[in-house]
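Q: with the sequence up front, the predicted model follows.
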Amino acid sequence: MKLQQAIIFFGIVFTVYGLVNYYIFRRVVSIVPDNFRTLFTVIFIFIAISYIAGRFLENYWIWYVSDFLVWVGSFWIAIMFYTLLCLIVIDLFRLINHLLPFFPSVVAGNPEKAKRFIALIVAILVFVTVVGGFLNTRLITTKRYNINIYKSAGELHSLTIVMASDLHLGTINGKSFAYNVVDRINKLKPDIVLLAGDIIDEDIKPVLRDNVGEALLELKAKYGIYGITGNHEYIGGVNDAVDYLLKHNVEMIRDGYIKIDNSFYIVGREDRDSKRFADYNRKPLSKIMETVDRSLPIIMMDHQPFNLVEARENGIDLQLSGHTHNGQLWPLNYIVGKIYELPWGYRLIGNTHYIVSCGVGGWGPPIRTGSGPEIIKIKLNFMK
């Protein structure tokens, strides 16, 4: 990542993160007994900075201490998020009550007792939500599509694609997770496996330490395993990530294409954040497609599902994307739905089929409340 971009990006992130934590601290510390406030403050600060400290420590010292900090901090992100939502709702009610009093006398007459009762309810709600979201990340489903492409693929009449995006392999999604995903993919008996970006979760050092990519060597498909870069490969260092994946059974397609068995094409685009994080201008799709035989079926991977019309204008038959996680944490899925034309699922626009996966892994907290983890199985039928 470029230094200037890193300063701006992380500066904004840390500022927002710090303000949210300060807001939660000020609201919660008021109900902590005086003789426990110092201890509470120390514990709160430790938890609040644990994710940042763990990620920073990974750059210099990959050990169980950094793992512990990242895990604690990851859960805190989810706890922080849902605590913030609860506090905002409570403050809205307090504002309404200030303008138009409606709180019952039992609340108005004993505010300290009411605060502690509400804090208990919030704690239970947040705990249940986070635990449920954590269990949900273990429930990987397979979503199936049957799609007709009205083109000839030579002697090939159908193709079974298994696509997975957003594995985010690293400290949180380690070797056992990777083997689980690989086993599920192999059981679907794919002709080809496509990994649509964010295969590596930022810094590659935890992946190297635990040799997480060892699992990728077990992937089996007649026509091979292909991947593209996502924004997290760029955040963590794209060249190291790509080199590692190339050594572990994944052929990376970077602003180019591969013609397979003289029957169909796989087009792979560089992530659209390549300019932002590495000063690399990805090629226009029209440039990549200049020498592609458009009479054959064309499948394209583009990590971030922006500007869908571009695929349609360039004769792409099937675009596969990820990145959105469908918000990952409810209710962020509603916000994601306003940002992307297709935030999750399938759509046919003109002659181009689009599939956006919410991903099989996740970033940050190992929590999913906006959607479940998924692997995509596609049966492509080629029809003249």
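A: All right, it came through fine. Residues are numbered from 1 along each chain as shown.
Q: where do the strands sit along the stretch 251-384 of the chain?
A: 251-252, 256-260, 264-268, 298-301, 318-321, 345-349, 352-356, 374-382 (DSSP state E, counting those that start in this stretch).
Q: now swap in the stretch 101-250 of the chain and tell me
A: Taking DSSP E, counting those that start in this stretch, the strands of the stretch 101-250 of the chain run over residues 141-149, 158-164, 192-195, 225-227.
Q: ok, the first one: who's next to it in the sheet?
A: For strand 141-149, the paired strands and their directions (DSSP bridges) are strand 374-382 (parallel).
Q: and the angle for the partner strand with strand 345-349?
A: 30 degrees (axes from the mean of the first three to the mean of the last three CA atoms, to 10 degrees).
Q: buried sites along strand 374-382?
A: By neighbour count on 16 or more other CB atoms under 10 Å, the buried set for strand 374-382 is Glu374, Ile375, Ile376, Lys377, Ile378, Leu380, Phe382. For glycine as for every other residue, the C-beta is placed from the backbone atoms N, C-alpha and C.
Q: swap in stretch 40-47?
A: Buried residues in stretch 40-47, counting neighbours by 16+ other CB under 10 Å, are found at Phe44, Ile47.
Q: off-centre distance for it?
A: 28 Å (CA atoms, centre = their mean, to the nearest Å).
Q: roughly how far does Ala123 sit from Gly370?
A: Taking CB to CB, to the nearest Å as the measure, Ala123 falls 22 Å from Gly370.
Q: so the chain: which segments form each domain?
A: For the chain, automatic domain parsing gives the domain ranges 3-136, 141-382.
Q: can you tell me which residues contact the spatially closest residue to Phe177 that is not a sequence neighbour?
A: With sequence-adjacent residues excluded and distances taken as CB to CB, 6 or more residues apart in numbering, Phe177 is closest to Gly361, at 7.1 Å. By CB atoms under 8 Å, 6 or more residues apart in numbering, the residues touching Gly361 are Asp166, Leu167, His168, Leu169, Asn173, Phe177, Val181, Asp198, Asp201, Pro373.
Q: the first one touches Asp201, doesn't it?
A: No - counting by CB atoms under 8 Å, Asp166 does not reach Asp201; the two are 9.1 Å apart.
Q: what sits in contact with each of these two?
A: Gly361, Trp363.
Q: picking that back up, and the furthest pair within the buried residues of strand 374-382?
A: Greatest spatial distance among those (CB to CB): Glu374 and Phe382, at 25.0 Å.
Q: show me the shaky parts of the protein.
A: Applying pLDDT under 70 to the chain flags residues 1-6, 62, 103, 105-110.
Q: mind listing what's buried along the longest helix anywhere in it?
A: For the chain, the helix that runs over the most residues, judged by DSSP state H, is helix 64-99. Neighbour-count burial for helix 64-99 flags 66-67, 69-71, 73-87, 90 (criterion: 16+ other CB under 10 Å).
Q: likewise for stretch 219-237?
A: 219, 221, 223-237.
Q: before we move on, what about stretch 240-256?
A: Residues of stretch 240-256 classed as buried: Asp240, Ala241, Val242, Tyr244, Leu245, His248, Asn249, Val250, Met252, Ile253, Arg254, Asp255 (neighbour count, 16+ other CB under 10 Å).
Q: what about Leu167, distance to Val242?
A: According to CB to CB, Leu167 and Val242 sit 15 Å apart.
Q: repeat that for His157.
A: To Val242, His157 is 34 Å away according to CB to CB.
Q: tell me how far stretch 51-67 lies from the chain's centre.
A: The answer for stretch 51-67 is 21 Å, by CA atoms, centre = their mean.
Q: thinking again about what came up before, top of the contacts of Gly361 by neighbour count?
A: Asp198 (32 neighbours; other CB atoms under 10 Å).
Q: residues contacting that residue?
A: Applying CB under 8 Å, 6+ apart to Asp198 gives the contacts 165-168, 230-233, 303, 322-323, 359, 361, 363.
Q: restricted to helices, list those residues.
A: Short answer: the contacts of Asp198 in helices (DSSP H) are Asn231, His232, Glu233.
Q: in contact with the first one, which residues?
A: Put plainly, it is Asn231. When contacts are counted by CB under 8 Å, 6+ apart, Asn231 touches Gly197, Asp198, Asp271, Arg272, Asp273, Phe277, His303, Gln304, His323.
Q: also the last one?
A: Under the criterion of CB under 8 Å, 6+ apart, the contact partners of Glu233 comprise Gly197, Asp198, Ile199, Ile200, Ala241, Val242, Asp271.
Q: in helices, which of those residues fall?
A: Those of the contacts of Glu233 lying in helices (DSSP H): Ala241, Val242.
Q: for the contacts of Glu233, which one is nearest Ala215?
A: Ile199 (11.5 Å).
Q: contacting residues for that closest one?
A: Leu167, His168, Leu169, Gly227, Gly230, Glu233, Ala241, Leu245, Val250.
Q: ok, so of those, who is nearest Ile47?
A: His168 (22.0 Å).
Q: mind telling me the two of the contacts of Ile199 farthest from one another?
A: With CB to CB as the measure, no two of the contacts of Ile199 lie farther apart than His168 and Val250, at 14.8 Å.
Q: residues in contact with stretch 121-140?
A: Residues from elsewhere that reach stretch 121-140, judged by CB under 8 Å, 6+ apart: 75, 78-79, 82-83, 86-87, 90, 180-181, 184, 329, 360, 362, 365-369, 372-375.
Q: just the CA atoms of that stretch, as CSV, please.
A: Only the C-alpha atoms of stretch 121-140 are listed here, as CSV (Å, rounded to 0.1, in the frame of the first residue of the first chain):
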residue,chain,number,x,y,z
ILE,A,121,-30.8,-6.2,28.6
VAL,A,122,-28.3,-4.7,26.1
ALA,A,123,-25.5,-7.1,27.3
ILE,A,124,-27.8,-10.1,26.8
LEU,A,125,-28.9,-8.9,23.3
VAL,A,126,-25.4,-8.3,22.2
PHE,A,127,-24.1,-11.6,23.6
VAL,A,128,-26.8,-13.6,21.9
THR,A,129,-26.3,-11.8,18.6
VAL,A,130,-22.5,-12.2,18.6
VAL,A,131,-22.6,-15.9,19.6
GLY,A,132,-25.3,-16.7,17.1
GLY,A,133,-23.3,-14.8,14.4
PHE,A,134,-20.2,-16.8,15.3
LEU,A,135,-22.0,-20.1,15.0
ASN,A,136,-23.4,-19.0,11.7
THR,A,137,-19.9,-18.7,10.2
ARG,A,138,-19.5,-22.4,10.6
LEU,A,139,-22.7,-23.2,8.6
ILE,A,140,-21.3,-23.1,5.1
